[in-house]
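In: whatever this is, show me its structure:
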Amino acid sequence: MNSAVISSFDTSMVLLSIAFSIVGSFVALTAAGRINQTDGSLNRGNIVSAGLALGGVGVWSMHFVGMQALTMDVGSSYSLVETVVSLVAAVVGASLAFAYAAKAPKQLSRIMLAGFLLGLGVVVMHYLGMYGLKINGYIQWDYVYVAASVAIAVVAATAALWLAFNSNSLAKRAGAAVVMGAAVCSMHYIGMAAADFICTTESRDAIPQGWGYISRFTLPSLVIVITLLMITMISLDQFYQYTATKFGARKRSSAL
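Out: Down below sits the predicted model:
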């Protein structure tokens, strides 16, 4: 007999997901500001760093921490295949969008197209991640909310790319990161509002089993570890570039 799943949100996990999105956005903005080099070429390392920070932390990590904020009265698990593929999709999509936009960051048409593609990448990541959540039942979608989440994703992605190349000072970058983080989270939770979970078994506590499935209680630790590794590596790389630039400038100044 089919029955609606009763769900609620853990406020602390919601706040953590917002924090992840803002931190990821800030690091992405920092890396994006160093994509264009003085000789006119693009720094591929910073393209990847920006893609990892925005796609991997600001979007993917935020999504799965946000999913953990959802508590349901049924057993659930996650498929690692969809979870990993959604991470790759988010990072690759973000990296390609940054690379395309960086070639002419002042060209509005290029920013808009890159934002559209990035927004679609975020949508694919979100709904693929949702598909990776397994319960003994199915999801019933409200397509008005789905359409709203898609629209927000595209607008947020376009704004994110514009901010990435127009936030030079630390204060502007921090403010832009808050705006980006809020927009990404809005898309996520509106997308979550589009889903009604329907249980199709009497054994509501039964946890779905299958190849590559992991318990929903294991996923938070996995996501947090991956997120901390990504943030640490990218932040260290950005700090090294910052110090190298400062040292080089001082050395040239002293030589004069």
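In: what about the strands in this protein?
Out: Under the criterion DSSP state E, the chain contains strands at 3-4, 7-9, 70-72, 76-79, 133-135, 137-141, 195-199, 213-215.
In: mind giving me the packing neighbours of the second one?
Out: Read it as strand 7-9. Packed against strand 7-9, as judged by 3 or more C-beta pairs under 8 Å, 6 or more residues apart in numbering; DSSP states H and E, are the following elements: strand 70-72. Glycine gets a C-beta too; all of them are placed from N, C-alpha and C.
In: what's the answer for the third one, then?
Out: Contact here means 3+ C-beta pairs under 8 Å, 6+ apart; on that basis strand 70-72 packs against strand 7-9.
In: name every strand pairing with the strand it packs on and say which way it goes.
Out: Sheet pairing here is set by DSSP bridges, and for strand 7-9 it gives strand 70-72 (antiparallel).
In: spatially central residue in the chain, please.
Out: With distances taken as C-alpha atoms, centre = their mean, Val59 lies nearest the centre of the chain, 0.9 Å away.
In: could you measure from that residue over to Ser17?
Out: When C-beta to C-beta, to the nearest Å is applied, the distance between Val59 and Ser17 equals 11 Å.
In: quick one on the thing from earlier: out of the strands of the chain, nearest to Gly181?
Out: If you check each of these against Gly181 by C-beta to C-beta, strand 7-9 wins as the nearest, at 17.5 Å.
In: tell me the contacts of the residue nearest to the centre of the chain?
Out: Under the criterion of C-beta atoms under 8 Å, 6 or more residues apart in numbering, the neighbours of Val59 are 21, 24, 90, 94, 122, 125-126, 184.
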